[in-house]
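Colleague: Okay, here's the prediction I keep looking at, along with the sequence it came from:
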Amino acid sequence: MKIRKADNTDCNRLSTIAYNSKSYWGYSQDFLDKCKEDLTVTVEYIKNNPTYVMIEGKEIVAFYSFSLSNEQLDALFIDPVYIGKGFGQLLWIDLMKRVKELGVKQFTIDSDPGAEGFYLKMGAEKVGYTPSTVFPQRSLPLLKVKVT
């Protein structure tokens, strides 16, 4: 397993992982279709935001991305085949190392309700709720992480 910076050729695979990972939580097809644009990773996005991929063998199996301007974890997605095998914790360790190197003292996460438990286990603190960017009537757990 290795982690490297994402490049322009990774966009399709990252978008697929994001979509499949979101579907892992049992959402309806209609819900997933409405989220598809938000789950699409573009070349422009990778160019403007720290984005890192995890490779197992020769395949990208997970990734995370971070918005420096908002000091927010934008994405942490794992191919469902690899969920529950410790890959999330390894990504988290890498994320924390990199944001610390960037001088970030704390950041937020607009968490999927299904992923909230993972982030709390990693040391995040729930500070409230925030409206979904796709469904404004839906609230997402708002978490804060102190970088130590």
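Modeller: Perfect, thanks for sending it. These figures come from a predicted structure and were not determined experimentally.
Colleague: Low-confidence stretches in this structure?
Modeller: Counting by pLDDT under 70, the chain has no low-confidence residues at all.
Colleague: Give me the contact list for the longest helix seen in the chain.
Modeller: As assigned by DSSP state H, the longest helix anywhere in the chain is helix 87-101. Outside of helix 87-101, the residues within contact range by CB atoms under 8 Å, 6 or more residues apart in numbering are 1, 3, 50, 52, 54, 56, 61-64, 66, 73, 76, 78, 107, 118, 122, 147-148. C-beta coordinates here come from the backbone N, C-alpha and C atoms, glycine included.
Colleague: So for it, what gets flagged as buried?
Modeller: For helix 87-101, the buried set under the neighbour-count rule, 16 or more other CB atoms under 10 Å, comprises Phe87, Gly88, Leu91, Trp92, Leu95, Met96, Arg98, Val99.
Colleague: And for stretch 122-139?
Modeller: Met122, Ala124.
Colleague: Would you mind measuring the gap between the ends of it?
Modeller: With CA to CA, to the nearest Å as the measure, stretch 122-139 spans 22 Å from end to end.
Colleague: need the contact list for Asp110.
Modeller: Under the criterion of CB under 8 Å, 6+ apart, the contact list for Asp110 reads Gln72, Thr130, Ser132, Thr133, Leu140, Pro141, Leu142.
Colleague: wait, which of these is closest to Ser21?
Modeller: Leu140 (15.5 Å; CB to CB).
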